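K.L.:
fold the following, please.
(2 chains)
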Amino acid sequence: MKSIPERRHLRLYLLFLLFLWAGPLPLRAQPALQHLPPGEATSGQNLALQVSLTGTGSRVMMGKLYFRGEGETTYRAIDLVSQPPAWRGEIPGRFIAGPSLSYFISVLLEDQSMLTWPEVNPYNNPFRIRIVQGAQAAPVAPAVPRPSPSLPPAAAGVPAAAQGDTLQLLSPDRDATLAADEVMIVVSYFSASSAIDPASVRIVMDGREVTRQAEISAAMISLEPPALAPGVHTVAMKAAATDGKNLPILRFRFFVESAAELARTERPDKQFQAHSYADLLQESYGGKSEGIAMGGLDVSGRVSGFNYRGGLFLTSLESRHYQPRNRFSFSIANRLIGASLGDSYPRLQELILSGRRVRGLSGYLHLGLVNVDLVYGELQRAVQTTFTRDDSGRSVPLRYGTFKQSILGVRPSLGDGRVFQFGLTLAKIRDDTSSIKAGYHPRDNLVLGPDVRLALLGGRLVFTGAAALSLLTQDISYGPSSTADIKRIFNSDAELPIDPADLADILIINDSTVPLDPEARSSMAWLLNAQINQWGHAINIGYRSIGDEYLSLANPWLRRDLRGLYIQDRFRLYRNKLFINLGYERYDDNFSRLDGNPAVDMRTINYGLSLFPGAPYPQLSLSMRDQLRDNHLRETSEESIAVSTVLDTLITRDEREKSWFRDLVVQATQDFRLLEAAHQFSAGYISSRNIDEFKEERAEAFYSPDLSNRVLLVSLTSRYVFPLVTVLSYSSNHSEGASFSAIDFNTWGLTGEYRWLDDRLSATAELRLVGITRQLGETDFETSRNQYRLGVRWNISAGHSVMAEGQIWNYDVPGGDSGDGTDSLFRIRYDRYF
Amino acid sequence: MRKIRQISGMLALLCGLLFLQPLRSAAEEVAFVLKVTGEAQVKSAKTDWTALKKGARLHNQDQIRTGPNTLVAIVFLDDKTMMKIRSDSEVRIETTRGEKGLHKRVLMEMGQMWSKVVPGRGGFQLETPSSVAAVKGTEFYGLIDENGETVIIGIEGIIQLYNQLGSVLVKAGETGRAAKKGEPQVGPTTEYEDWAAEDEIQELDLEYQNDAGEKKHLKIRYTK
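P.N.:
Numbers count the residues shown, from 1 in each chain, chains lettered A, B, ... in the order given. Prediction:
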């Protein structure tokens, strides 16, 4: 068995490998937008842009491209159109004017999260491109050539108006794009000495005389045309002043949005989307090979006011010896009623059921004043125990299986939740003892608890609270206890009001039931939280207490035997250019001390700031966390242990704990242009210290958590005028501690991605060189682990894409071949979008 | 005889004054209502409060008042100066015709307004119970807060904020404050609600529900 220092050493090494694989910048597993911005735009020419989603877990539902010219403060937006696997948008040439153009892209994902490009604060820090003058464009031809009635020529002898006396267009702006019902044509005339002669006014719109429809006065001419067809419209207006002077003819045009453009902002009732994929992997790691095949189909749509969604995921890793890895689900719902069949992740109450997978049926009826949510299904499936033969030939369990565990949960509630809601959740969870042949400690669990939500001041102040009481029988294999058994347990002759056997359908009660005494509060949990969004602050204040014996099998990861308070504030300043986080937590861990260990006092202060000053300044972020863990033990203890019937030995225990955990994260990012390429330089520093107060006092045999870790990350991402993106990175990681020797990792990385055939084909190459130095005693051991990756993606046609990738890791240990070797991964994936 | 001449002279002077009204004619058109969302009313020298609609023409000395959740956008005819009046506000427009344009005085009893003023033409002045803001630049917000204090938020250009006790210049990125009995003060703007820009940006409010049944609102703002 490995000693504690070696285990910790191994954990650090595995953690770093995970970090290495995941990639420090960016996180590959997380979905991210990939967009290659153009180097520049040409004045008057349409600018096409596209974006695609990388990573796993979700897909784009809708996207928008926001843009504005230099000096403008508001953005225009156009919808992105899905052309799988990318989303495309085109900025009309009429907006490509001036010295520069700024834009950002925003997409809504299937899981209701949003991504933007640029990633951080895009509204205030959009991407800016230069506009260059192109070849002289051909003049824009009129939409429909019509014979236009000519405006009457100026009468002979009538002088033209003086310069400055002109008709002024108040609305709409020239070349503006409007909805058909928003068009209001307003022209004014201002002069110190004259006014409009109403009889002289002539208005021609799209070649038709519309003067009679206008309202004309001495200072203004206004016209509200009836619903206009989509497209370009031209207006010519002529008038004379009351002093007889002819005013210059006013000509302008504007655009009316098409119905198709409008329809994109609406939600058509029959919208169907589907995505199917197949993924094949062949891995070779540590001398072992394994092939994995995966495939899936996701569908979603809307019909008759209901949204539906279905999903199927199949994997070759599915095995009856493990919990299911395949997934299937189908749901249909609207605001009032919904149902889901298959795998779902329902949430009834934070302390009882909060996102754990249930395979079965779930649904809701939300009438507003009265609501009900229901869940019925399987939390885990039956997995048979595996057996082996011992030395005497007896069949003994090698690995215990799991019982089929079912849940029935219901939550009625009052109030729709926008201002007020009160709910009561009941969950019944039981292991099916007949589902496997030999199992270990089947359990029965009943949990009940209320929750409340109150939102005031338009949602700026929100109070939430929840409580729950759990009853858990830890072993139901021998059924319920009898009345006599219960009396014996409590050493009492008093008559019980109920027979535990009568309650067996609700909960099996026996001597393993916790708590047996219902007055005990060790199986209670409760929490209170206040959320305040006001004056630019987002404040969370709360208290929670989770009893040491509280357990909901539907939420088994909830940390127990913990109570304490927290307060967190995040606020922004200087027009969202500066964000500040402040937080404080104080918890008592193991406060019940039922296991004989001391309680641990935990206090945490965290603070940080993020600065987005906007181009050309760098973005900065800084965060720090200080945590103290103190069990208030200051002395070691001695204990006499019986080694044999005649011999005792005295052992010393050192359970003192007083540690400071200090974490610091600093990151800076700077965009700049050099040699006609757009570059982004990013640097980060992470420091993590565990400071053991008793480090110097501990005997050598005892483990000290004292540890320090420093990570430095530097990267340069470059986008060139030709479709190439490169990332050059360096990272170093140094760790050392009281219970293990120092270890250093140094990594150089170079990644390049090139696209051609109008982005339909892309190739990626990556090289990572890792040097590892480990200090053991007086000797430094050096190893290396190098990674080579090559990938190709081909967008065969709209909606079809294929990706192939190969990765090879070479590692060696000079002086010994015990760790030498090569690992590899080859993958091919096909995607089809409907 | 002398008395008759005196009376005739006075009558002639009176008639002359009447005929010399055009420079401050209350019937003069001065602005156009481009947009009305919510409920707003207008009152002129000749009419009582009536509903204000998009496309209405405003005259010198017209008063406008807005109800809750209301926005009125108007444009002045001489130089395209734009003004937006927010909910629960009451303003009165007075103009004086000059050579280069209309000198505009907006008297605000309560509420919030935004304006983008074209410089170099007629001039723009916002008057509140506690101060006067003379706009020398282009864009600003003006409001009367719950304490009756006038607040001017400079977005672009320069605004002179003054009352009987003093005067300050409010530049872009600064906020000027003036209480009735206090000298005007100016300081950097820390934050403000850019509601006039939100008006130009359409908002799409989507209510959606994830698999867990949690309802959320997603607001997408865009211009059309």
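K.L.:
and for A:L361, the neighbour number?
P.N.:
14 (other Cβ atoms under 10 Å in any protein chain shown). Placement of C-beta: from N, CA and C, glycine included.
K.L.:
give me the element it is part of.
P.N.:
Assigned by DSSP states H and E, A:L361 belongs to strand A:358-366.
K.L.:
centre-most residue in chain A?
P.N.:
A:S113 (5.8 Å; Cα atoms, centre = their mean).
K.L.:
circling back to that earlier point, the strand holding A:L361: how far from the chain's middle?
P.N.:
How far strand A:358-366 lies from its chain's middle: 24 Å, per Cα atoms, centre = their mean, to the nearest Å.
K.L.:
and the angle for the next helix or strand after that strand with strand A:358-366?
P.N.:
Using DSSP H and E, the helix or strand that directly follows strand A:358-366 along the chain is strand A:370-380. Calculated by axes from the mean of the first three to the mean of the last three Cα atoms, to 10 degrees, strand A:370-380 forms an angle of 180 degrees with strand A:358-366.
K.L.:
and the closest residue to A:S687 other than its chain neighbours, how far from chain B?
P.N.:
In this structure, A:S687 finds its nearest non-sequential neighbour in A:L664, 4.4 Å apart by Cβ to Cβ, 6 or more residues apart in numbering or on different chains. To chain B, A:L664 is 28 Å away according to Cβ to the nearest Cβ, to the nearest Å.
K.L.:
what's the answer for A:P230, then?
P.N.:
13 Å.
K.L.:
so in that sheet, which strands flank the helix or strand harbouring A:G564, and in what orientation?
P.N.:
If you go by DSSP H and E, A:G564 is part of strand A:562-573. When sheet partners are counted by DSSP bridges, strand A:562-573 sits next to strand A:537-546 (antiparallel), strand A:578-589 (antiparallel).
K.L.:
OK, now which residue of the stretch 451-600 of chain A is nearest to chain B?
P.N.:
A:G536 (5.7 Å; Cβ to the nearest Cβ).
K.L.:
so that residue makes contact with A:R572?
P.N.:
Yes - counting by Cβ atoms under 8 Å, A:G536 does reach A:R572; the two are 5.4 Å apart.
K.L.:
for A:N510, helix, strand, or coil?
P.N.:
Following DSSP: H, G, I helix; E, B strand; the rest coil, the label given to A:N510 is coil.
K.L.:
I'd say A:H800 and A:R832 touch.
P.N.:
Yes - using Cβ under 8 Å, A:H800 is in contact with A:R832, at 5.8 Å.
K.L.:
can you give me the buried ones in the helix or strand where A:S106 lies?
P.N.:
In this assignment (DSSP H and E), A:S106 forms part of strand A:100-109. Buried residues in strand A:100-109, counted by 16 or more other Cβ atoms under 10 Å in any protein chain shown: A:L101, A:S102, A:Y103, A:F104, A:I105, A:S106, A:V107, A:L108, A:L109.
K.L.:
do you know how far the fifth one is from chain B?
P.N.:
Between A:I105 and chain B the distance is 13 Å, computed by Cβ to the nearest Cβ.
K.L.:
hang on, isn't that residue packed against A:Q50?
P.N.:
No - counting by Cβ under 8 Å, A:I105 does not reach A:Q50; the two are 9.4 Å apart.
K.L.:
give me the common contacts of those two.
P.N.:
Residues touching both A:I105 and A:Q50 (Cβ atoms under 8 Å, 6 or more residues apart in numbering or on different chains) are A:H35, A:G89.
K.L.:
OK, contacts around A:T402?
P.N.:
Taking Cβ under 8 Å, 6+ apart, one finds A:Q323, A:Q380, A:R381, A:A382, A:V383, A:I436, A:G439 in contact with A:T402.
K.L.:
quick one: contacts for the fourth one?
P.N.:
It stands for A:A382. Applying Cβ under 8 Å, 6+ apart, the residues near A:A382 are A:G401, A:T402, A:F403, A:K404, A:D432, A:S435, A:I436.
K.L.:
now do the helices in chain B.
P.N.:
Ranges of helices in chain B, per DSSP state H, are B:2-19, B:195-200.
K.L.:
where among the ones you listed is average confidence lowest?
P.N.:
Lowest mean pLDDT within those: helix B:2-19, at a mean of 52.
K.L.:
can you report how many residues neighbour the closest residue to A:M624 other than its chain neighbours?
P.N.:
The shortest distance from A:M624 to any non-neighbouring residue, by Cβ to Cβ, 6+ apart, is to A:L664 (5.2 Å). By the criterion of other Cβ under 10 Å, A:L664 has 16 neighbours.
K.L.:
now A:L664: which helix or strand?
P.N.:
For A:L664, the element it lies in under DSSP H and E is strand A:658-674.
K.L.:
so which bits of the helix or strand following that strand are buried?
P.N.:
Downstream of strand A:658-674, the next assigned helix or strand under DSSP H and E is strand A:677-692. Using 16+ other Cβ under 10 Å as the test for burial, strand A:677-692 gives A:677-684, A:686-690, A:692.
K.L.:
swap in stretch A:236-249?
P.N.:
Residues A:A236, A:M237, A:K238, A:A239, A:A240, A:A241, A:K245, A:N246, A:L247 are the ones in stretch A:236-249 that count as buried (16+ other Cβ under 10 Å).
K.L.:
now stretch B:70-88
P.N.:
B:70-87.
K.L.:
those in strands, which ones?
P.N.:
Members of those lying in strands (criterion: DSSP state E): B:L71, B:V72, B:A73, B:I74, B:V75, B:F76, B:M82, B:M83, B:K84, B:I85.
K.L.:
can you tell me how far B:M113 sits from B:A178?
P.N.:
For B:M113, the distance to B:A178 (Cβ to Cβ, to the nearest Å) stands at 16 Å.
K.L.:
between those two, who's got more neighbours?
P.N.:
Neighbour totals were compared for B:M113 and B:A178, and B:A178 leads with 27 against 22 (other Cβ under 10 Å).
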